[in-house]
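>>> Provide a 3D model corresponding to the input given below.
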Amino acid sequence: MTTSSSTAPTDASPAQGRTAQPVPSRRPRAIPEEHLAQLRSRDDAGNAMRPFVATPDGLPIDSVGSPLRCCLRSIRGGERVALVSYAPLRRWAARTGADPGAYDEVGPIFIHADPCPGPSDTSYPFARPGALRTIRRYDSRGHIVGGQQFRIPEDAQDGFARVLDHAFGDPRVVLVHVRALEYGCFQFEVRR
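Numbers count the residues shown, from 1 in each chain. Next up, the predicted model:
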């Protein structure tokens, strides 16, 4: 099932002028601070963090405007950030006792290189109308039990609410990962 619509971007932070959105019924979750502290030492692929300052010219890494998974907003020029490998399902499984086996994936994400206050907005992040997302559903074992492509509609908050309600309509689903379709990058998670 694909939901579609398109038009102008809306992933600016409240400080950049977005009006407050209602609190979603299914809360988007940033990476917890205890996991961020670990990632800032060694990421989930065993690499030491290599921080850099984000610049509009894209050097050393094109990152301005990319999603930060620590605070669920876009990177701004001049911020000290890092690109790290993250295994979101692995960390959830360690806490719950699940065994995702081959479904345990590691992928690149941006985080602040230093502790940050976390999300200041409760709306669904990175919600640019027209952008494509994958809504990946997991059961209590950490196995994929479905998914769908999702085109963010003009009313992004309502669109996310509908697609997540549909995902959690399957009683087996305990966890949903929202990923960018283009690169497969983890955006955020939502739990039952």
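>>> Only C-alpha atoms from now on, for both contacts and neighbour counts.
OK.
>>> so is Cys116 in a helix, a strand, or just coil?
Look at Cys116: counting by DSSP: H, G, I helix; E, B strand; the rest coil, its state is coil.
>>> Please name the residues that touch it.
70-71 (C-alpha atoms under 8 Å, 6 or more residues apart in numbering).
>>> One more pass at 6 Å, please.
Contacts for Cys116 (C-alpha atoms under 6 Å, 6 or more residues apart in numbering) come out as none.
>>> so how far is the helix ranked longest in the chain off the chain centroid?
Looking across the chain with DSSP state H, the single longest helix is helix 156-168. Relative to its parent chain, helix 156-168 has a centroid offset of 15 Å by C-alpha atoms, centre = their mean, to the nearest Å.
>>> Next secondary structure element downstream of that helix?
Later in the chain than helix 156-168, the nearest helix or strand by DSSP states H and E is strand 175-180.
>>> quick one: the longest helix of the chain to strand 175-180, angle?
130 degrees (axes from the mean of the first three to the mean of the last three C-alpha atoms, to 10 degrees).
>>> And helix 156-168, what's buried?
Neighbour-count burial for helix 156-168 flags 156-157, 159-161, 163-164, 167-168 (criterion: 16 or more other C-alpha atoms under 10 Å).
>>> Which neighbouring elements make contact with the helix or strand of the chain with the lowest mean pLDDT?
Across the helices and strands of the chain, mean pLDDT, DSSP states H and E gives its lowest value to helix 88-96, namely a mean of 93. The helices and strands touching helix 88-96, judged by 3 or more C-alpha pairs under 6 Å, 6 or more residues apart in numbering; DSSP states H and E, number zero.
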